[in-house]
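Asks: Pasting the sequence and the predicted model now:
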There are 2 protein chains.
Amino acid sequence: MAGTETSKIPQHRKLYELLRKHIVEGVYPKGSLLPSENELCSTHDVTRPTVRQALSRLASEGYIIKHQGKGSIVRSLPKGIGILSLQGTTSGVGKHNLKTKPISKPYTRKWPEDFPFDLSELELESGCIVLERTRIVDGSPVLYEISYIPNINLPRFTNKSFENKSLFDVMRSNYDIEVIGGNQKIMAILANKEIGNYLNIEEGDPILKLERKLETNRSGYSFYSSIYCNTNNFYLEGSF
Amino acid sequence: MAGTETSKIPQHRKLYELLRKHIVEGVYPKGSLLPSENELCSTHDVTRPTVRQALSRLASEGYIIKHQGKGSIVRSLPKGIGILSLQGTTSGVGKHNLKTKPISKPYTRKWPEDFPFDLSELELESGCIVLERTRIVDGSPVLYEISYIPNINLPRFTNKSFENKSLFDVMRSNYDIEVIGGNQKIMAILANKEIGNYLNIEEGDPILKLERKLETNRSGYSFYSSIYCNTNNFYLEGSF
DNA sequence: ATACATAACTTGTAATTACAAGTTATAAAA
DNA sequence: TTTTATAACTTGTAATTACAAGTTATGTAT
């Protein structure tokens, strides 16, 4: 019962994983041609439909571009599938000097009355853990984020430190929870006194607001974030 | 030479387009099951690999979710490409409430001096086709969009009608150009007089601004959009 | 040397066959 | 009535064959 699991993985998927790995690792540099379908057939001992299935997925995910009569050209690395599909908000503002500062310790409360997403029965009765943080870029606060995490089976969560740590990382490393997708609502608003205070701007300045729902690998388990962003000096950037 | 063009379109693509159309039009409501692969085979007189190719694309674009042993379930929103899906803050507004109104006929011009993305030599010397449109939801303008399309090998483009048509759809169905990825910058700004006029709001109201680059399956060919969105009553919504 | 035809590639389309594996409704057995 | 096994679905995997169509290099004739 040792290595039986790997042999259950279909061939097209194994080939996909391998090629994908090679692409992101630079074995096939961007702009170069992948081996032809027939070459891949013989080197991996599969038939062309199988190879094409693997290549088809790579193409649909943006790793390669296929050209009839020419071949499959390696494309630049896709950052993610979706608008602002950030690994946390960190990658959104680029590689500036970014620090995360907790405003308070995580605390539990009931869900807000005007919560922008529908909640399940279980989520509602469990309440939520709230995490308030600001993100500081080059010394000035740019993001103010409130995260709402359903208080379901997260032992010692409020004791964890989030200083300069991504919520995503904490969830994955401590609880094996991975974000697999999500949904977000984006709007422009005017800063009120509270938000203006957090972001060090005037009341009435334009603010980018995001309401995000992050779906995880735990079926039915999601967490949520409200993000307020001062885009006077920095804009949010996303690849898809 | 009349109807030869349509017969050149491969069967899996015709089936994909048809099913996609039926899904977005609600012929197959969200949550419902699509006809089984074998049913689709017989009704459209093709074989299962062809059907599976069409369904595979629908699945990868988020229109359906396939379940082994069960069937293909229609999903709510297409993930990934585009945030052209608007949703109201009060109640869900379907796509049927959304109308696209061209402000002027498409016209060619040189690229703007302060264009927010880098352009290639070829793009620069070719100039661009500009498309100005507003999107109207329930009678009130919500989006103002300027699209910049490199004037390269797009026969009769300025004669095409964009009334209530997606630019994506026109590019795909007329020129076989598909958006495979992109990059966007998002910020909140205050409306000036011109934008306020287009969106029927006051000067100084908060506006969501997007600068987007859309990469296509034509190597090196991208098109661009600047989007101004009034999010007082509607927000932009995206899945990933 | 240049132009053009051709051969040797490449991916695209599509039908066919076979079986594996997951889901669901039905019918028989407890 | 409840449980269980089975049959009849569903999609998933995979090999095989055949030809169409686009690209590129290699020629030969001009």
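Replies: All right, it came through fine.
Asks: Please make it C-alpha for all contacts and neighbour counts, starting now.
Replies: Fine.
Asks: So residue A:37 is in contact with residue A:51, correct?
Replies: Yes - here residue A:37 reaches residue A:51: they are 6.4 Å apart, a contact under Cα atoms under 8 Å.
Asks: which one of the two has more residues nearby?
Replies: In this view residue A:37 and residue A:51 are compared by other Cα atoms under 10 Å in any protein chain shown, and residue A:51 has more residues nearby, 23 against 18.
Asks: Reduced to three states, what does that one come out as?
Replies: Three-state assignment for residue A:51 (DSSP: H, G, I helix; E, B strand; the rest coil): helix.
Asks: give me phi/psi at the spatially most distant residue from the centre of chain A?
Replies: Distance from the C-alpha centroid of chain A peaks at residue A:42, with 36.7 Å (Cα atoms, centre = their mean). The main-chain torsion angles of residue A:42 are listed as degrees, to the nearest 10 and equal phi -70, psi -40.
Asks: how many other residues sit next to residue A:211?
Replies: Summarising burial for residue A:211: neighbours were counted as other Cα under 10 Å, giving 21.
Asks: Likewise for residue A:191?
Replies: The burial count assigned to residue A:191 is 23, neighbours taken as other Cα under 10 Å.
Asks: per-residue confidence averaged over the longest helix along chain A?
Replies: Ranked by residue count and defined by DSSP state H, the top helix of chain A is helix A:11-25. Along helix A:11-25, the predicted local confidence has a mean pLDDT of 91.
Asks: quick one, domains of chain A?
Replies: Domain assignment of chain A by automatic domain parsing yields the ranges A:4-74, A:90-229.
Asks: closest one to residue B:222 among those domains?
Replies: Comparing the domains of chain A by their distance to residue B:222 (Cα to Cα), the top pick is domain A:4-74, with 14.1 Å.
Asks: how close does the residue nearest to residue A:199 when sequence neighbours are not counted get to DNA strand C?
Replies: Once flanking residues are discounted, residue A:199 sits nearest to residue A:141: 5.2 Å by Cα to Cα, 6 or more residues apart in numbering or on different chains. With distances defined as Cα to the nearest atom of the strand, to the nearest Å, the gap from residue A:141 to DNA strand C amounts to 47 Å.
Asks: ditto for residue A:59
Replies: Going from residue A:59 to DNA strand C by Cα to the nearest atom of the strand gives 9 Å.
Asks: hmm, who's touching the host helix or strand of that residue?
Replies: Under the assignment given by DSSP states H and E, the secondary-structure element containing residue A:59 is helix A:48-60. The list of residues contacting helix A:48-60 from outside it, by Cα atoms under 8 Å, 6 or more residues apart in numbering or on different chains, reads A:11-13, A:15-16, A:20, A:37-38, A:40-41, A:64-66, B:60, B:180.
Asks: Which of the domains of chain A has the lowest mean pLDDT?
Replies: For the domains of chain A, mean pLDDT drops lowest on domain A:90-229, to a mean of 83.
Asks: Centre of the chain to it, how far?
Replies: Domain A:90-229 sits 13 Å away from the centroid of its parent chain (Cα atoms, centre = their mean, to the nearest Å).
Asks: Can you show me the helices along chain A?
Replies: Counting by DSSP H, one finds helices in chain A at the ranges A:4-8, A:11-25, A:37-44, A:48-60, A:121-126, A:167-175, A:193-199.
Asks: Convert the C-alpha atoms of the fourth one to PDB, please.
Replies: What it means is helix A:48-60. Output of helix A:48-60 as PDB, limited to C-alpha atoms (Å, rounded to 0.1, in the frame of the first residue of the first chain):
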ATOM      1  CA  ARG A  48      -1.000  12.000 -28.400                       C
ATOM      2  CA  PRO A  49      -4.500  12.500 -27.000                       C
ATOM      3  CA  THR A  50      -3.000  12.100 -23.500                       C
ATOM      4  CA  VAL A  51      -0.200  14.600 -24.300                       C
ATOM      5  CA  ARG A  52      -2.700  17.000 -25.800                       C
ATOM      6  CA  GLN A  53      -4.900  16.800 -22.700                       C
ATOM      7  CA  ALA A  54      -1.900  17.900 -20.600                       C
ATOM      8  CA  LEU A  55      -0.900  20.700 -23.000                       C
ATOM      9  CA  SER A  56      -4.500  21.800 -23.300                       C
ATOM     10  CA  ARG A  57      -4.600  22.400 -19.600                       C
ATOM     11  CA  LEU A  58      -1.300  24.200 -19.600                       C
ATOM     12  CA  ALA A  59      -2.600  26.400 -22.400                       C
ATOM     13  CA  SER A  60      -5.900  27.200 -20.600                       C
END
